[in-house]
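>>> When you get a sec, could you give me coordinates for this:
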Amino acid sequence: MKTTIISVTEAARNFADCVNRAHYQGVTFVLVKNGMPVARIVPNDSKTCTGRELAEALREVKLSTENAKAWYRDLKKGRKILKAPEDKWL
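Predicted coordinates for the structure are as follows:
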């Protein structure tokens, strides 16, 4: 999948074209403002995995006790590291 970096102004001026290219060509646009990435326009068919989908998939996996414990330790570490994104609209 191709990624294109464009300014927010350019995206606003060519919004329909960006949406069409994302949909038909699979292009991801990274929108930058003052040199910093602020948003993305991505194709809708991008693969995402919700927590519920992960839980359902894990029910079908047969892990050894050792691997299951290691996975659980990694999950706990990840939860400590990850933080919810700051909501700048509040």
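>>> Packing partners of the helix-or-strand element of the chain with minimal mean pLDDT?
Using mean pLDDT, DSSP states H and E, the weakest-scoring helix or strand in the chain turns out to be helix 51-60, at a mean of 84. Packing contacts for helix 51-60, counted by 3 or more CB pairs under 8 Å, 6 or more residues apart in numbering; DSSP states H and E, involve no helix or strand. Every residue, glycine included, has its C-beta placed from N, CA and C.
>>> what distance separates that helix from the centre of its chain?
Relative to its chain's centre, helix 51-60 lies at 18 Å (CA atoms, centre = their mean, to the nearest Å).
>>> now swap in stretch 11-21 and tell me
Distance of stretch 11-21 from the chain centroid (CA atoms, centre = their mean) equals 20 Å.
>>> Ok, stretch 35-46 next?
The answer for stretch 35-46 is 9 Å, by CA atoms, centre = their mean.
>>> quick revisit: would you mind pulling the contact partners of the following helix or strand past the least confident helix or strand of the chain?
Per DSSP states H and E, helix 51-60 leads on to helix 65-81 as the next helix or strand towards the C-terminus. Under the contact criterion CB atoms under 8 Å, 6 or more residues apart in numbering, helix 65-81 has outside partners Leu63.
>>> Can you classify the residue nearest to the spatial centre of the chain as helix, strand or coil?
Among the residues of the chain, the one closest to the centroid is Thr48, at 7.0 Å (CA atoms, centre = their mean). Here Thr48 is recorded as coil under DSSP: H, G, I helix; E, B strand; the rest coil.
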